[in-house]
Each structure stands twice: as C-alpha cells, then as structure tokens.
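A.B. asks: From the sequence below, what's the structure:
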Amino acid sequence: MNNDLLYTIESFPPLPESINQLNELCQVDDVDLKAVIKVIEADPILYTDILRYSNVPYHGFRYPITSISQAISLFGVSAIRGMSLTAALKAHPYSDISAYGVSINEWFGTMERQQRFLEIWLLKKHRSILHSLGGLTFILEIGRLVASYALMMTKKSYSFYENEAKKLDEEEKNIIGRSGDELAAELFEFWNFEKLFFNCLNHSLNPEKGMEPQTCAVLECARTLFRLKETREFEEIEPILEKYNFLLSDARIAYEIMISEDE
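C.D. replies: Numbers count the residues shown, from 1 in each chain. As a prediction, this is how the structure comes out:
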C-alpha cells in the first residue's frame, strides 16, 4: 500500500471508546452480557439509537422496547453490536459521501435495507451465519465512506458513476488505488476487529476467496439487490444462491417482504 493510503487508514477519525470496549467484549465465546449493557448504557448515543432501531414498526413488537437488556434478548448480541456500529457512524465526524451521488441519509438507508433483507432471510434457518458476521450486516457499504475520505486525503476530486457493486469496486481501484472494501477491511483490521469480520467485508463481492465463502455469499446477495441508488430484481442473485447451496425460496420470501414494505 502506498504511503497516502496508509496515512488515510491511520488518520481516519476513530470510533468512540465504547465501540472499542464492545469489540473486546464480543470477541470471546462467553460474552459478558452485563458488561455489554453497562458499556451501551454509559454512551447516550449508542443507547438512544439502539432503542430507536429496536422500536421501528416493521419489527412488529406489541410493546415498546425500553431497555438494552430487552433488545439483547430479542435481537442477540451480534445485532446489538451492529446497531452500535451504525449509531457510532451516524455520529462520526466525517460523513461526506457526496462522491457517490447520494446523501448520507440515503447511504444509511441502503445499509438498513441490506441488513433488513439478511435478517428476514437468515434469522430462522441460518442464524449462525448472522451471528458469525458480528454486526457487519449493518454497515456493508462502510467502504464508500472510507474511500470518500481517501479521496479527500489524496486531494482528488472525483464523482463515481458506477452503481453495480463489482464495477464500483473496480472504479474505486482505478481512481484511488484500492477499493473501498479493501480500505475498510484494512481499517477494521487496524482497529483490532476479529479477522472474520474484516475478511468477510473484504470478500463480500468475491465469496470464493473469503475465509467462509457461504457467509460472504449472503453479503454479496444483499449488496447485489440493494444498491446505493436502486433495488434490483431477485433473479440477479439466483446464481449466487445456487452456487452456495441456499434455497431460492427462502431468499425470495425475504425479498418479497422487503418489496411489500416499500409499497
């Protein structure tokens, strides 16, 4: 990696200390739930945003979620970690995603749709995949933010025009020297996240090269369907599903639920 990109990673504004603490707590087999709750409750940004997300109407809970312990019991630690990462990014000092032709709210909206699709699809039959991702499903497009920061740090002015994920990946490499996914993976490695986390991020568009190809494949499905500027037809992910031995019917049901929620 050239010195400019190395400096980009090392100088990227850090996530709050509460995320570092959650990261350490969540990287052990027997997670200390009381410690997780304590960290979140001590950070008003994480606390408020997790409860907000827990109470969005599409979850369909009859009663409001009023505590972090309730949220953990309903969603699991992995999802709570993902919600925490999202909350930290919403409060992040760097938020310029304009090089991709979308607003920061549209960017977050795309990631929320990707996460929602994966949650509906995987929760019943593939819960272990959701758990192994450690909250990554909430921030699948984080590379776009890191790439935008790299553009600024290298004093390059450019507007990306590709929308298909793999083509956008190549466009970033041509302009910056690394794709946004590669930069983000290196950033999360620099921040001491677990290897599977940044490996899946780096290989979410080329699953066969990842540590867990089937896990990476579900990320590719979400990113193929729900892009920064559009939603694509379900048929585009059928070859991925067949290659990695997923039932098309399960993923299609999740997709149709997503489409119905948009109407």
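A.B. asks: now L6: how far from D181?
C.D. replies: To D181, L6 is 17 Å away according to C-beta to C-beta, to the nearest Å. C-beta here means a position set from N, CA and C on the backbone, and glycine is covered the same way.
A.B. asks: For the residue most central in space within the chain, list the residues it contacts.
C.D. replies: Residue closest to the mean C-alpha point of the chain, counted by C-alpha atoms, centre = their mean, is I139 at 1.9 Å. Contacts for I139 (C-beta atoms under 8 Å, 6 or more residues apart in numbering) come out as 82, 85-86, 89, 111.
A.B. asks: I'd like the average pLDDT over stretch 195-207.
C.D. replies: Per-residue pLDDT over stretch 195-207 has a mean of 96.
A.B. asks: Settle it for me: which of L6 and D181 has more neighbours?
C.D. replies: Neighbour count, other C-beta atoms under 10 Å: between L6 and D181, D181 has more, with 28 against 12.
A.B. asks: Leaving out chain neighbours, which residue sits closest to that one?
C.D. replies: Spatial nearest neighbour of D181, chain neighbours left out: G143 (4.3 Å); criterion: C-beta to C-beta, 6 or more residues apart in numbering.
A.B. asks: Check which helices and strands the helix or strand containing the one you found is in contact with.
C.D. replies: Assessed by DSSP states H and E, G143 sits inside helix 142-153. Judged by 3 or more C-beta pairs under 8 Å, 6 or more residues apart in numbering; DSSP states H and E, helix 142-153 is in contact with helix 3-11, helix 165-176, helix 180-190.
A.B. asks: Can you say which of those is nearest to V31?
C.D. replies: The closest of those to V31 is helix 180-190. By C-beta to C-beta, the value is 19.1 Å.
A.B. asks: May I have the next helix or strand after that closest one exported as PDB, CA atoms only?
C.D. replies: With elements assigned by DSSP H and E, the helix or strand that comes after helix 180-190 is helix 195-202. C-alpha atoms of helix 195-202 as PDB (Å, rounded to 0.1, in the frame of the first residue of the first chain):
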ATOM      1  CA  LYS A 195     -10.200 -11.500  11.400                       C
ATOM      2  CA  LEU A 196     -13.500 -13.000  10.200                       C
ATOM      3  CA  PHE A 197     -15.200  -9.500  10.400                       C
ATOM      4  CA  PHE A 198     -12.700  -7.700   8.100                       C
ATOM      5  CA  ASN A 199     -12.200 -10.800   5.900                       C
ATOM      6  CA  CYS A 200     -15.900 -11.000   5.100                       C
ATOM      7  CA  LEU A 201     -16.000  -7.300   4.400                       C
ATOM      8  CA  ASN A 202     -13.100  -7.500   2.000                       C
END
